[in-house]
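[1] Following is a predicted model, sequence given first.
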Amino acid sequence: MVASLPAGAFTGRVAWSPPYLVPGRGAAFEAHVPVYQDHAFVGMLVAVVSVDAVLTHHVPWWVAEKYKIEIVDSGGVVLGAKTGVELAQPGTSHQVRLEPPGQGLAVVATVYTAEGKLVRNVLAAAIFILALLALSSLALARRHVRRRLAAEKALGEEHAFRKAMEDSLTVGMRARDLDGRVTYVNPAFCRMVGWQPEELVGIVPPMPYWVPELLDETMRMHHKVLAGNAPRDGFEIQFRRRSGEVFWALVYEAPLIDATGHHTGWMASVVDITERKAAEELAHQQQEKLQRTSRLITMGEMASTLAHELNQPLSAIASYATGCLNRLGAVGFSPEELRPPLSKLVAQAQRAGQIIRRVHDFVRKSEPQLRRCSLQELLTDSVAFIELDAKKNGVGIALDLPVGALEVDGDKVLLEQVVMNLARNGIEAMNQMKGGKRRLDVTLQEQDGQALVRIRDFGSGIAAEIEASLFQPFFTTKEEGMGMGLNICRSIIEFHRGRLWFEPHPQGGSLFVFSLPLRSPA
């Protein structure tokens, strides 16, 4: 006992004493269990184990009926035995070390001589098979434990990786079940709306981050998502932060599928696009300013032509008015004589008013308004607007329109701006030439549900090396140009869901073409 005391204290493990005899009780051995408190050794728990008690309680009766079981020490001295009958003579025996407690103790099993050779062989085979089974079970259990530990480690690493990835995302993630209840939110979504995960998980609509003024609209979109009818390319919606600030979000919804393949809810990725929306609005305002500036520049460049065009009806009005005044003082005057000149005066006044109204509509600042628009009428008005300027530069305009009406949904003023800009570019291109054909061809035709407008001049054309730069901002071949005309024209046409492009003409000159989708029949 003295020897095992320090060993148990130092190692922190159970220590076993050598066997010894207890008077009146037979052989015994002790188990010394160290006791610790706050990681400090405070004592030793000693258990005395009787050898006879071990044999009595742990060797079944049916084993004792066939074998003699003995516990011997290192010197072969029998410390205890259990058997059902006395052996006539020693039979085959087998010895196994008793671990624990060790200390040289061993268990000896002796077969009764009454047993036959077959029984001994069967017993030996059974023991061997049981030993193999025990070893196999131990190996399988160890392998299973290793695999389980490896799987748990991999699962832990995967969870940590996923958690780190989710925490680093700037895109908000939100999961809902089939009833619309929030089941998961990531940190980015919480930062976006200002609520903590425990405040959001488990709640049902209406959500605290919904805008109260848009509650009905948001609820309709919510039901649309749960029904599986959300737009595949996402949808824009307004949410409210905890501070009360309203922000724009782009939401993509996808079905949430579990490991068994069942649809359990919806996973949404939420992107804050407030800054993008503000940038788009600013770009839209700047584009409108550029378009209006371009129209003002066009009117400024055509000021002399407009003054000449207005001077004609105003001069006619003055002449008719003077004639009427003279007739009023004539002898034998009849009021009926004033009807023809006054009718002509009214017509000239209406003509002047139409010119002024057309200029006003062209340069005024307004939001684009898509309305039913006849392309024949639009091209006719645009050509009439620039016809005097063309004549002033010695350029004729040939307008070729189809018989059937071609209509589009568009802003008439913006589309007139495109036609006038392209036409004036063609006039200026031919104005730099001396001699040759000076004509501007404007044609309209239908092709595959699209209206094609072609504006062709007979100028010197455009060099191949600058074709790719024609529609870039601030690119110009004019000495005093801003380089925004063609860029604005393309933006206007693309706003109308059309295309604008350039084609070199094989017979010389330049050809600009733009297409617009025709209006669907009512």
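    Great, that's in hand.
[2] now residue 268: how far from residue 205?
    13 Å (CB to CB, to the nearest Å). The C-beta positions use only the backbone N, C-alpha and C, and glycine is treated the same way.
[3] The chain: helices as residue ranges?
    Secondary structure of the chain by DSSP state H: the helices cover 4-11, 51-58, 61-64, 117-168, 187-193, 197-200, 215-226, 274-301, 303-328, 339-363, 375-392, 412-431, 485-495.
[4] do you know which of those lies nearest residue 83?
    Between residue 83 and the helices of the chain, the shortest gap by CB to CB is with helix 61-64, which sits at 5.6 Å.
[5] for the closest one, packing partners?
    Packing partners of helix 61-64 (3 or more CB pairs under 8 Å, 6 or more residues apart in numbering; DSSP states H and E): none among the helices and strands.
[6] Single out the most deeply packed of the helices of the chain.
    helix 412-431 (a mean of 22; mean count of other CB atoms under 10 Å).
[7] which secondary structure elements does it contact?
    With contacts taken as 3+ CB pairs under 8 Å, 6+ apart, helix 412-431 sits against helix 274-301, helix 339-363, strand 371-374, helix 375-392, strand 439-447, strand 450-456, helix 485-495, strand 510-517.
[8] how about JSON lines for the ones you listed, with mean pLDDT and distance to residue 219 added?
    Shown next, in JSON lines, are the helices and strands packed on helix 412-431 (pLDDT from 0 to 100; distance: least, CB to CB, whole Å):
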{"stretch": "helix 274-301", "mean pLDDT": "72", "distance to residue 219": "22"}
{"stretch": "helix 339-363", "mean pLDDT": "72", "distance to residue 219": "43"}
{"stretch": "strand 371-374", "mean pLDDT": "90", "distance to residue 219": "33"}
{"stretch": "helix 375-392", "mean pLDDT": "84", "distance to residue 219": "43"}
{"stretch": "strand 439-447", "mean pLDDT": "92", "distance to residue 219": "45"}
{"stretch": "strand 450-456", "mean pLDDT": "94", "distance to residue 219": "40"}
{"stretch": "helix 485-495", "mean pLDDT": "81", "distance to residue 219": "32"}
{"stretch": "strand 510-517", "mean pLDDT": "92", "distance to residue 219": "34"}
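[9] Take those and lay them out in TSV including distance to residue 217.
    What follows is these, written out as TSV (distance: least, CB to CB, whole Å):
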stretch	distance to residue 217
helix 274-301	17
helix 339-363	35
strand 371-374	27
helix 375-392	37
strand 439-447	39
strand 450-456	35
helix 485-495	26
strand 510-517	29
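[10] closest to residue 252 out of these?
    helix 274-301 (15.1 Å).
[11] and the residue nearest to residue 101 when sequence neighbours are not counted, what does it touch?
    Leaving aside its sequence neighbours, residue 101 sits nearest to residue 16 (CB to CB, 6 or more residues apart in numbering; 3.3 Å). Residues near residue 16 by CB atoms under 8 Å, 6 or more residues apart in numbering: 4, 29, 30, 31, 32, 100, 101, 102, 103.
[12] mind running it again at 7 Å?
    Residue 16 makes contact with 4, 29, 31, 100, 101, 102, 103, according to CB atoms under 7 Å, 6 or more residues apart in numbering.
[13] for the fifth one, phi and psi?
    Translated: residue 101. Torsion angles at residue 101 (phi, psi; degrees, to the nearest 10) stand at phi -90, psi 0.
[14] any weak-confidence spans in the stretch 401-522 of the chain?
    432, 434-436, 463-469, 471-485, 521-522 (pLDDT under 70).
[15] Outline the domain layout of this structure.
    Following automatic domain parsing, the chain resolves into domains at 4-115, 169-272, 273-367, 370-522.
[16] want to try a markdown table for these, with distance to residue 155 as columns?
    Shown next, in a markdown table, are these (distance: least, CB to CB, whole Å):
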| stretch | distance to residue 155 |
| --- | --- |
| domain 4-115 | 32 |
| domain 169-272 | 14 |
| domain 273-367 | 36 |
| domain 370-522 | 52 |
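[17] what about stretch 75-85, average pLDDT?
    Stretch 75-85 shows a mean pLDDT of 79 in the predicted model.
[18] Take that stretch, keep the C-alpha atoms, and write them as CSV.
    Provided in CSV are the C-alpha atoms of stretch 75-85 (Å, rounded to 0.1, in the frame of the first residue of the first chain):
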residue,chain,number,x,y,z
GLY,A,75,4.8,-17.5,-7.8
GLY,A,76,1.9,-19.8,-8.8
VAL,A,77,0.4,-19.9,-5.3
VAL,A,78,-3.4,-20.3,-5.5
LEU,A,79,-5.1,-17.3,-3.8
GLY,A,80,-8.6,-18.5,-4.5
ALA,A,81,-10.5,-21.0,-6.6
LYS,A,82,-14.1,-21.9,-7.7
THR,A,83,-15.3,-25.2,-9.1
GLY,A,84,-18.4,-27.3,-9.2
VAL,A,85,-16.8,-30.7,-8.6
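[19] Any chance you could list what contacts it?
    19, 26-27, 51-52, 55-56, 59, 64-65, 68-73.
[20] For residue 268 and residue 205, indicate the residue with more neighbours.
    More crowded of residue 268 and residue 205, by other CB atoms under 10 Å: residue 268, with 21 against 16.
[21] I figured that one hits residue 249, correct?
    No - using CB atoms under 7 Å, residue 268 makes no contact with residue 249, being 9.6 Å away.
[22] hmm, back to that, so which of the contacts of stretch 75-85 comes closest to residue 152?
    Of the contacts of stretch 75-85, the one sitting nearest to residue 152 (CB to CB) turns out to be residue 59, at 40.6 Å.
[23] count of residues packed around that closest one?
    Residue 59: 18 neighbours (other CB under 10 Å).
[24] what's the spacing between it and residue 80?
    For residue 59, the distance to residue 80 - CB to CB - is 10 Å.
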